[in-house]
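Colleague: output the structure for:
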Amino acid sequence: MDLITETDRLLIEKANLTDAPFFLELLTSPNWLQYIGDRGISTEEDAQEYIQKSLLGSYHKHGYGLYKISLKSTKLPIGITGFVKRDYLDHADIGFAILPKYGRKGYTFEASEAIMAYGKVHLKLHPILGITTEENTASKSLLVKLGLNAIGEISPEKANGPLLLYSNEGVTLYA
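Modeller: Numbering: from 1, shown residues only. Below is the predicted model of the structure:
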């Protein structure tokens with residue numbers, strides 16, 4: 001277990017290839033498909049490839065990435081939180097997702113609040129950005145609760161439309 005940080009109820013740790021069944025479930029969940037997008041994951045082998053390229057690759061290249069959130073009591077994985085370095089943003093942005101059956105229990109906020117502190121103190125990330133779509137009200141609310149403010153809108157080529165841009169600094173970074 002590569003523990004990154006923990007909270008009273010949760011463990012936040014690096015993902016590994018044995019997490020493929022969990023990632024298959026997460027990446028094919030209705031909320032992921034609606035708000036994040038279809039990553040073409042339909043088998044455990046696809047999920048392992050996603051973990052290898054997207055998660056382990058980011059840990060190696062950037063020193064951070066998206067981390068698995070597990071319940072401390074059972075070690076059951078329920079979601080992800082962490083940081084993504086996108087080619088269209090100058091700074092890392094926080095990302096998070098949770099399996100629908102664990103939503104609305106405060107887990108995503110609890111884990112993301114801990115990872116924000118980790119990013120500021122240990123990774124020295126400054127500023128920390130966030131992106132979401134206009135219709136993703138849960139994500140918008142969580143970003144604000146984490147201390148990020150809406151600072152503008154961006155339209156990267158890879159997105160299916162405009163994205164709202166948030167920052168934990170009040171300055172507008174993008175016009």
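Colleague: following element in sequence after the longest helix along the chain, please.
Modeller: Taking DSSP state H as the criterion, the chain has its longest helix at helix 107-121. Under the assignment DSSP states H and E, the closest C-terminal helix or strand after helix 107-121 is strand 129-132.
Colleague: circling back to that earlier point, tell me the average confidence for the longest helix of the chain?
Modeller: Mean pLDDT, helix 107-121: 98.
Colleague: quick one: residues in contact with that helix.
Modeller: Among residues not part of helix 107-121, those counted as contacts by CB atoms under 8 Å, 6 or more residues apart in numbering are 4-10, 12, 64, 67, 69, 78-79, 81-83, 92, 94, 96-98, 125-126, 128, 142, 145-147, 168. To be clear about C-beta, it is placed using only N, CA and C from the backbone, and glycine gets the same treatment.
Colleague: what of stretch 62-69?
Modeller: Residues outside stretch 62-69 that contact it (CB under 8 Å, 6+ apart) are 4, 10-15, 19, 22, 54-59, 77-85, 92, 95, 98, 107-108, 111, 115, 119, 123, 125.
Colleague: for it, buried residues please.
Modeller: Across stretch 62-69, burial judged by 16 or more other CB atoms under 10 Å covers 64-69.
Colleague: and of these, the nearest to Y35?
Modeller: Ranking the buried residues of stretch 62-69 by separation from Y35, with CB to CB as the measure, puts L66 on top at 14.9 Å.
Colleague: gap between stretch 101-121 and the chain center?
Modeller: Distance of stretch 101-121 from its chain centroid, counting by CA atoms, centre = their mean, to the nearest Å, is 10 Å.
Colleague: pull out the buried residues from it.
Modeller: Of all the residues in stretch 101-121, those buried under the rule 16+ other CB under 10 Å are 102-103, 107-108, 110-116, 118-119.
Colleague: okay, those in JSON lines with distance to L163 next?
Modeller: Putting the buried residues of stretch 101-121 into JSON lines (distance: CB to CB, whole Å) gives the following:
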{"residue": "Y102", "distance to L163": "25"}
{"residue": "G103", "distance to L163": "22"}
{"residue": "Y107", "distance to L163": "24"}
{"residue": "T108", "distance to L163": "19"}
{"residue": "E110", "distance to L163": "25"}
{"residue": "A111", "distance to L163": "22"}
{"residue": "S112", "distance to L163": "18"}
{"residue": "E113", "distance to L163": "22"}
{"residue": "A114", "distance to L163": "25"}
{"residue": "I115", "distance to L163": "20"}
{"residue": "M116", "distance to L163": "19"}
{"residue": "Y118", "distance to L163": "24"}
{"residue": "G119", "distance to L163": "20"}
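Colleague: re earlier: state the pair within the buried residues of stretch 62-69 that is farthest apart.
Modeller: The span of those, defined through CB to CB, is set by Y64 and I69 at 15.1 Å.
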